[in-house]
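>>> Structure here, sequence nowhere to be found:
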């Protein structure tokens, strides 16, 4: 076999080998991308005004559909009571009915998700404003997919009455008339735009929560049955 022919055969073999390697690398890249997408946390945001029934419905959804319920408010309150460096700041924001900085809330949510051992989450009371949503997208989009936003709609007067009744036994510092009024103003100004944003993406599932719990949860269940 002459030298030129040998050189040609070696070059051809190298080219074929390189092609196989490139094909495998491309397959592996897209396969791993698909796997990582499938491995993302599945998240349902649950929004509505204070006293709209978010916590009550989330407890039942957790029991029936296997989601872990994370309340942004509960996580913030727990952090406030922990005596950490964030406690005083969080306490002031909650008393004033204001929204805690997004980075704090997202950090608490991510920590809770990673330590839970679960892959499906109901996140109750978050995102509460556009800054919350932007922070979530920046920090969580690579590891979590939003399945939909459950919106529990309820008249202000009904929510106010529920919260004041709850305040008689809850011990919460924000279940009083002044804090409730501030929270409702914050909800209308800051959280409603979030709901409208998700509605534009076709991801809102709206339920009238000014009914008996059985009626409300019956409708809520239909939305979860559709994705489970």
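Received the coordinates, thanks. These numbers were taken from a predicted model, which means no experiment stands behind them.
>>> quick one: the closest residue to residue 66 other than its chain neighbours and residue 147, what's the gap?
Closest residue to residue 66 apart from its sequence neighbours, by CB to CB, 6 or more residues apart in numbering: residue 120 at 6.2 Å. C-betas here are computed from N, CA, C, even on glycine. Plainly put, residue 120 is 9 Å away from residue 147 if you go by CB to CB, to the nearest Å.
>>> How about residue 170?
Residue 170 is 30 Å from residue 147, where distance means CB to CB.
>>> Between the two, which has more neighbouring residues?
Per other CB atoms under 10 Å, whichever of residue 170 and residue 147 has more neighbours is residue 147, with 20 against 11.
>>> mind listing the helices in this structure by residue range?
3-38, 54-65, 72-81, 87-95, 102-116, 130-140, 156-170, 177-186, 192-200, 213-225 (DSSP state H).
>>> Now the weakest link among these, please, by mean pLDDT.
Ranked on mean pLDDT, the bottom entry among those is helix 3-38, at a mean of 42.
>>> From residue 44, how far out is residue 150?
Distance of residue 150 to residue 44, given as CB to CB: 6 Å.
>>> hmm, I was thinking of residue 157
For residue 157, the distance to residue 44 - CB to CB - is 28 Å.
>>> ok, back up a step: so which of the helices of the chain is the most packed in?
With neighbours taken as mean count of other CB atoms under 10 Å, the helices of the chain reach their highest mean count in helix 72-81, at a mean of 19.
>>> so how far is that helix off the chain centroid?
16 Å (CA atoms, centre = their mean, to the nearest Å).
>>> got the angle between that helix and helix 130-140?
80 degrees (axes from the mean of the first three to the mean of the last three CA atoms, to 10 degrees).
>>> Give the pairing partners of the longest strand seen in the chain; include direction for each.
The longest strand of the chain (DSSP state E) is strand 144-153. Sheet partners assigned to strand 144-153 using DSSP bridges are listed as strand 41-48 (parallel), strand 204-208 (parallel).
>>> residues of the longest one that come out buried?
Spelled out, it's strand 41-48. For strand 41-48, the neighbour count (16 or more other CB atoms under 10 Å) marks 41, 43-48 as buried.
>>> Ok, the last one next?
The neighbour-count check on strand 204-208 (16+ other CB under 10 Å) flags 204-205, 207 as buried.
>>> count of neighbours near the residue nearest to residue 194 when sequence neighbours are not counted?
Nearest in space to residue 194, with sequence neighbours left out and distances taken as CB to CB, 6+ apart, is residue 127 at 5.5 Å. Look at residue 127: counted by other CB under 10 Å, it has 27 neighbours.
>>> Hmm, residue 193 and residue 127 touching each other?
No - if you go by CB atoms under 8 Å, residue 127 and residue 193 don't touch, sitting 10.2 Å apart.
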